[in-house]
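Colleague: I need the structure of the sequence given here:
(one chain, ligands or ions: 1)
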Amino acid sequence: MRRSWPAVLAAVVLTLTVVSPSSAVNPIITTRYTADPAALVVGNTLYVYTGHDEAPAGGTNFVMRDWQVLSTTDATNWTQHGARLSLGDFPWAGADAWAAEVEPRNGRYYWYVSINGNGPGWMNIGVAVGDSPLGPFTDAIGGPLISDSTPNSSGLNIDPTVFVDDDGQAYLYWGSFWGVRAVRLNPDMISMNGPVITPQGVTNFWEAPWLFKRNGVYYLAYAANDAGCVSSSSFACIRYATASNPLGPWTHRGVVLDQVSSTTNHPAIIEFNGQWYMVYHTADAPGGGNFRRSVAVDRLFFNADGTMQKVAQTRGGGGPPSGTNHARTATAATSFVSAWENLAAVNDGFVPANSADRTRPVYGNWPQQGTQWVEYRWTNPVSVSRSAAYWFDDNQGIDLPASCQVQYWTGSAYANVPNQSACGVAANTFNVTTFSPVSTTRLRLNITARSGFSTGMLEWMALN
Ligand code: FUB
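Modeller: Numbers count the residues shown, from 1 in each chain. Alright, predicted model coming up:
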């Protein structure tokens, strides 16, 4: 059960904390990169436990060394509590402070974490325990709870989610590489009670399970990467299933969150102050990327029959990024523009209402498929360090791209801009890509379509 523990304790803890509130937009904080959220309500406070992405700009691997805590009492203003657990708290840890979740029981808080150990095997699940939602936390076992040597463990033992049912029985789910696993835990919360099972009916499970209960129904949300919901298997959507038993069998119910701007995604679903929320991560923070992710929170709504509506992603303020937009002084060129569309649309300074906004001319390359490009040309070199693309989606032959890549003219050839962050392909927003500044006379955006579709843009900014 995730709703527990007296409000007074949370209040006492908060008074001891240096607070740094941030505003209500997504990502919920942008002063550091946070990923893999897990949510917990304690009294009047919603805690979000996250991983911490520290990869450099342009990095191609996770750099994750600690776990962070954020909290709010209004789901709008967030307090950063910093790192409350790190690899150094586990003497047997080698690297990789991946996804984690906190579950309370009998006044104690159990923080289940994914860790690469310093012994044989790959990832493990360890447990730390503390006496308050903010710790301090210490290693509860002195070694992994789940490892590669656990009989019937997953191909990748990460992403724990723990749920204590009304009868006091605790369940641990985890897994990746399409291998979901579950086991009962003993009341001590740090040992298994029975064999590891492979739950049935978790359709297209990839990783990142989140188990909860509502109105007597068990819900399992999880990341999936099948072609039915993502533009490429590198990305993830969030699917969910329901069951009348916490170990299943499960009945798949559909997608509750579409692909986001980061390749990975990781859900938490929680009721707080009478409203339900989905907590997840994206690459939407400035300089963000697949290894520099940021936690987002949005409302989640249930239908009368208990199914969940798809979450509408709130993304920043939706307005154009600030800075000098060199696109306005550029001449645009393209590999192809449909005869009835207008390339000049990309740098006319328009701020669209959404990706289907046709109130002004649009750029589209239907019926071309594969990779097309748009570029800006200047007579004299300009210094550029950000690209912001607002994609066009007519819900017919033109769809959001599968991917994109920013390039610049070196004087003799095109090269990828250095240290590029994720080239976002989200709808209804300016997808900001950052990179190390280049001085150039040409900037090119290579746009790769989803299979069977063409692509288009409503606006493309080239910012200093
Ligand atoms: O953050 C590292 C890993 O990426 C997590 O454990 C997965 O859920 C995915 O988000």
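Colleague: residues contacting the one residue in the stretch 351-464 of the chain that gets nearest to the ligand?
Modeller: Nearest to the ligand, among the residues of the stretch 351-464 of the chain, is A422, at 14.0 Å (Cβ to the nearest ligand atom). In short, each C-beta sits where N, CA and C put it, glycine included. Residues in contact with A422 (Cβ atoms under 8 Å, 6 or more residues apart in numbering) are S261, S262, A283, G288, G289, N290, T433.
Colleague: Of those residues, just say which sits nearest to the ligand.
Modeller: Sorting the contacts of A422 by how near they are to the ligand, with Cβ to the nearest ligand atom, puts S262 at the top with 8.2 Å.
Colleague: quick one: the closest one is in a strand?
Modeller: No - using DSSP: H, G, I helix; E, B strand; the rest coil, the assignment for S262 is coil, not a strand.
Colleague: That one: how many residues sit nearby?
Modeller: S262 sits with 26 neighbouring residues when counted by other Cβ atoms under 10 Å.
Colleague: For T264, see how far away the closest residue to H81 other than its chain neighbours is.
Modeller: In space, H81 comes closest to V69 once its chain neighbours are excluded; the distance is 4.1 Å by Cβ to Cβ, 6 or more residues apart in numbering. Relative to T264, V69 is positioned 21 Å away (criterion: Cβ to Cβ, to the nearest Å).
Colleague: still on that earlier bit, show the buried residues in the contacts of A422.
Modeller: For the contacts of A422, burial is judged from neighbour counts taken by 16 or more other Cβ atoms under 10 Å, and it is met by S261, S262, A283, G288, G289, N290, T433.
Colleague: Now render the residues you listed as a markdown table, adding distance to A413 and pLDDT.
Modeller: Rendered in a markdown table, the data for those read as follows (distance: Cβ to Cβ, whole Å; pLDDT from 0 to 100):
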| residue | distance to A413 | pLDDT |
| --- | --- | --- |
| S261 | 29 | 86 |
| S262 | 30 | 91 |
| A283 | 28 | 90 |
| G288 | 28 | 87 |
| G289 | 25 | 90 |
| N290 | 27 | 93 |
| T433 | 20 | 87 |
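Colleague: Which of those sits closest to V102?
Modeller: S262 (22.5 Å; Cβ to Cβ).
Colleague: check contacts around that closest one.
Modeller: Shown here is S262, whose contacts under the criterion Cβ under 8 Å, 6+ apart are H281, T282, A283, G288, G289, N290, R293, A422.
Colleague: Look up phi and psi at the third one.
Modeller: I take that to be A283. Recorded main-chain torsions at A283 are phi -110, psi 30, according to degrees, to the nearest 10.
Colleague: Please tell me I have it right and it contacts V295.
Modeller: No - taking Cβ atoms under 8 Å as the contact criterion, A283 and V295 are not neighbours in contact, 11.6 Å apart.
Colleague: Up against the ligand, what does this structure have?
Modeller: Remark: the part of the chain in contact with the ligand comprises 35-36, 51, 62, 98-99, 114, 158-159, 207-208, 264, 266, using Cβ under 6 Å from any ligand atom.
Colleague: Neighbour count for those - can I get that in CSV?
Modeller: Shown next, in CSV, are the residues of the chain next to the ligand (neighbours: other Cβ atoms under 10 Å):
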residue, neighbour count
A35, 27
D36, 30
G51, 28
F62, 19
W98, 24
A99, 30
S114, 27
I158, 25
D159, 29
E207, 26
A208, 26
T264, 24
H266, 29
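Colleague: Just the closest of these to S322, please.
Modeller: Within the residues of the chain next to the ligand, the smallest distance to S322 is 26.2 Å, found for A35 (Cβ to Cβ).
Colleague: beta partners for the closest one?
Modeller: Counting by DSSP bridges, A35 is bridged to G51.
Colleague: What residues does it make contact with?
Modeller: The neighbourhood of A35, defined by Cβ under 8 Å, 6+ apart, consists of T50, G51, H52, D53, M64, A99, T264, H266, H281, R293, S294, V295.
Colleague: Repeat the analysis, applying 6 Å as the threshold.
Modeller: Applying Cβ atoms under 6 Å, 6 or more residues apart in numbering, one finds that A35 lies in contact with G51, D53, H281, R293.
Colleague: N116 now?
Modeller: By Cβ under 6 Å, 6+ apart, the contact set of N116 is G94, A95, D96, M123.
Colleague: hmm, which of the residues you listed are the buried ones?
Modeller: D96, M123.
Colleague: Make JSON lines out of the contacts of N116 and add pLDDT.
Modeller: Written out in JSON lines, the entries for these read as follows (pLDDT from 0 to 100):
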{"residue": "G94", "pLDDT": "96"}
{"residue": "A95", "pLDDT": "97"}
{"residue": "D96", "pLDDT": "98"}
{"residue": "M123", "pLDDT": "98"}
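Colleague: Out of the contacts of N116, name the ones that lie in strands.
Modeller: G94, A95, D96, M123 (DSSP state E).
Colleague: coming back round to it: check the secondary structure at the residue of the stretch 351-464 of the chain closest to the ligand for me.
Modeller: Local secondary structure at A422 is given as coil here, using three-state DSSP.
Colleague: phi, psi of it?
Modeller: Main-chain dihedrals, A422, degrees, to the nearest 10: phi -60, psi 130.
Colleague: Distance of it relative to D399?
Modeller: Per Cβ to Cβ, A422 is found 19 Å from D399.
Colleague: Can I get the buried ones among the contacts of A422 in JSON lines including distance to A427?
Modeller: Formatted as JSON lines, the buried ones among the contacts of A422 follow (distance: Cβ to Cβ, whole Å):
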{"residue": "S261", "distance to A427": "10"}
{"residue": "S262", "distance to A427": "15"}
{"residue": "A283", "distance to A427": "15"}
{"residue": "G288", "distance to A427": "17"}
{"residue": "G289", "distance to A427": "19"}
{"residue": "N290", "distance to A427": "19"}
{"residue": "T433", "distance to A427": "16"}
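Colleague: all helices of the stretch 301-450 of the chain, in order?
Modeller: With DSSP state H, counting those that start in this stretch, there are no helices along the stretch 301-450 of the chain.
Colleague: low pLDDT regions in it?
Modeller: For the stretch 301-450 of the chain, the stretches with pLDDT under 70 are 316-319.
Colleague: redo that, cut-off 80
Modeller: Segments of the stretch 301-450 of the chain classed as low confidence (criterion: pLDDT under 80) are 315-323, 352-354, 359, 428.
Colleague: quick one: furthest residue from the center of this structure?
Modeller: Note on the chain: the largest C-alpha distance from the chain mean falls to T379, namely 40.2 Å (Cα atoms, centre = their mean).
Colleague: residue contacts, the residue of the stretch 151-300 of the chain found nearest the ligand?
Modeller: Closest approach between the stretch 151-300 of the chain and the ligand, counting by Cβ to the nearest ligand atom: T264, at 3.6 Å. By Cβ under 6 Å, 6+ apart, the residues touching T264 are A236.
Colleague: which ones among the contacts of S262 are found in strands?
Modeller: Within the contacts of S262, residues falling in strands by DSSP E are H281, T282.
Colleague: Kindly reformat the contacts of S262 as TSV containing distance to A182.
Modeller: What follows is the contacts of S262, written out as TSV (distance: Cβ to Cβ, whole Å):
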residue	distance to A182
H281	24
T282	28
A283	30
G288	33
G289	32
N290	28
R293	26
A422	33
